[in-house]
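>>> only geometry, no sequence info:
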Ligand code: PMP
Ligand code: GLN
């Protein structure tokens, strides 16, 4: 039956104001569109420089692109194996051994459609309705919707600026007899925090004490600055059996559109993550997987340079925002600077500020309240992505300077 005929024959509702079908009212129907999409659309509408959504504005390495192109023409374009092509599972295992001494094998690895799917797959693999999950706030925007869809119960532990240190008492209190897992992100979006060995030690102790699992979102693993070093929780004593470590080719090769992610998990858990993956997407593009496999084998200098180049961009943008008068918080890793705009005497919250600079300066940032769920989040921070060409960052600063001038006088603190 065609839709038109259905409408004709749907007599009880015809011509009335009542909706023809009942409201969906599902949990997801109440969820807003992600802030990254919202701000990118606003940037496009105003022709603004987009320092909102975190993506590099240059392509990743030429040889990885070439490998993807070449892989399209060798007759392997049908469904790849569900847990990932052998080359990439092997390469992810080797990458774990090479950088962190994690004794992984291909059996530990599941390839996903980006880290986004990896996060959903790991949560789905571990959680049943009523299970509790410890999360760190501010948090990445896909974490809570998935936890809630699974009927699990989030326990949020809030970090406080400017250093975003892990509060021991609050974290300890968040764990309990129903804790099934903790999900956290290091290096961390949006704060730029890199969890210290001491903080990871505390997390490990709590996970062991409560016999819980860790989902470690480590997509920015190679993007650390200065003395900061990324330490996978999985490398701590007793953690290999209970950690699921997530990486993303999007970040490691500056190819965010490729959506190739990978989970490294103990052999007992990897097949369960794979079962989640088989129901979510089943597989990701085979040529991209094979190109990423090649990329993960690149020389050490490639990975070191990735962080070094980004560190210079962090410094460029941090200096510019500081010159304008913003209070830039320390950033040790990731793509992002979090900056306090109160010194600019802007009369409004972070959402209004990000809209204002998009419209008036043609520079877009992301309001940091988007990363909070609990009550009374700080409303005076904007997140700026610095994974952009130097000239673009310089132009963004010049535009903001045009709007706000330089250092707008004494810092006003609430
Ligand atoms: N986790 C964090 C913390 C992120 O910032 C992002 C996106 N940049 C993702 C996961 C998603 O990664 P992907 O694009 O590989 O899905
Ligand atoms: N992770 C990116 C960010 O934090 C956005 C990814 C996305 O738009 N899905 O900006």
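Looks like it arrived, so ask away. Values in this document were obtained by computation on a predicted structure and should not be read as measured data. Ligands and ions are numbered 1, 2, ... in the order given.

>>> Could you pull up phi and psi at residue 370?
Dihedral pair for residue 370: phi -60, psi -20, per degrees, to the nearest 10.

>>> Also residue 181?
phi -160, psi 160.

>>> Now it. Nearest residue, chain neighbours left out?
If you skip the residues right next to it in sequence, residue 181 has residue 213 as its closest partner in space, 4.3 Å away by C-beta to C-beta, 6 or more residues apart in numbering. From N, CA and C alone the C-beta is placed, and that goes for glycine too.

>>> That neighbour: how many residues sit nearby?
By the criterion of other C-beta atoms under 10 Å, residue 213 has 23 neighbours.

>>> Provide the backbone phi and psi angles at it.
Dihedral pair for residue 213: phi -100, psi 160, per degrees, to the nearest 10.

>>> for residue 99, helix, strand, or coil?
The three-state assignment at residue 99 reads helix, by DSSP: H, G, I helix; E, B strand; the rest coil.

>>> contacting residues around whatever residue of the stretch 151-300 of the chain ends up closest to ligand 1?
Minimum separation of the stretch 151-300 of the chain from ligand 1 (C-beta to the nearest ligand atom) falls at residue 248, amounting to 3.3 Å. Residue 248 makes contact with 114-115, 118, 219, 260-262 under the criterion C-beta atoms under 8 Å, 6 or more residues apart in numbering.

>>> Quick check: phi and psi at it.
phi -140, psi 130.

>>> tell me, how many neighbours does whatever residue of the stretch 51-200 of the chain ends up closest to ligand 1 end up with?
Ligand 1 sits closest to residue 114 of the stretch 51-200 of the chain, with a gap of 2.6 Å, by C-beta to the nearest ligand atom. Residues lying near residue 114 (other C-beta under 10 Å) number 22.

>>> which residue packs closest to it, ignoring adjacent ones?
Nearest one to residue 114, counting by C-beta to C-beta, 6+ apart, is residue 259 at 3.7 Å.

>>> what ranges do the helices span in the chain?
Using DSSP state H, the helices of the chain run over 3-9, 35-46, 62-71, 86-100, 114-126, 143-149, 168-174, 197-209, 249-252, 270-280, 286-296, 300-324, 350-356, 390-404.

>>> on that earlier part again, isn't the residue of the stretch 51-200 of the chain closest to ligand 1 right up against residue 261?
Yes - using C-beta atoms under 8 Å, residue 114 is in contact with residue 261, at 4.5 Å.

>>> any common contacting residues for those two?
With C-beta under 8 Å, 6+ apart as the test, residue 114 and residue 261 both reach 248, 250.

>>> re earlier: which of the contacts of residue 248 sit farthest apart?
Farthest-apart pair in the contacts of residue 248 is 219 and 260; separation 11.4 Å (C-beta to C-beta).

>>> got any residues that touch both of these two?
248, 250.

>>> Residue 167: neighbour count?
14.

>>> nearest spatial neighbour of it, skipping sequence neighbours?
Nearest residue to residue 167 in three dimensions, chain neighbours excluded: residue 157, at 6.7 Å (C-beta to C-beta, 6+ apart).

>>> Quick check: beta-bridge partners of the one you found?
Residue 157 has the following beta-bridge partners by DSSP bridges: residue 136.

>>> just use 193 as the starting number from now, easier for me
Taking 193 as the first residue, the last one we looked at is residue 349.

>>> list the contacts for it?
The contact partners of residue 349, taken as C-beta under 8 Å, 6+ apart, are 326-329, 358-359, 362-363, 366.

>>> cool, residue 366 as well?
Taking C-beta under 8 Å, 6+ apart, we find residue 366 in contact with 326, 347-349.

>>> Ligand 2 contacts on the stretch 293-442 of the chain?
residue 381 (C-beta under 6 Å from any ligand atom).

>>> Quick check: which ranges of the stretch 293-442 of the chain have low pLDDT?
For the stretch 293-442 of the chain, not a single residue meets the criterion pLDDT under 70.

>>> Name the residue of it with the shortest distance to ligand 2.
Closest point on the stretch 293-442 of the chain to ligand 2, by C-beta to the nearest ligand atom, is residue 381, at 5.1 Å.

>>> Any figure for the gap between that residue and residue 527?
Distance, residue 381 to residue 527, by C-beta to C-beta, to the nearest Å: 7 Å.

>>> Need the residues touching each of those two.
Joint contacts of residue 381 and residue 527 (C-beta under 8 Å, 6+ apart) are 246, 412.
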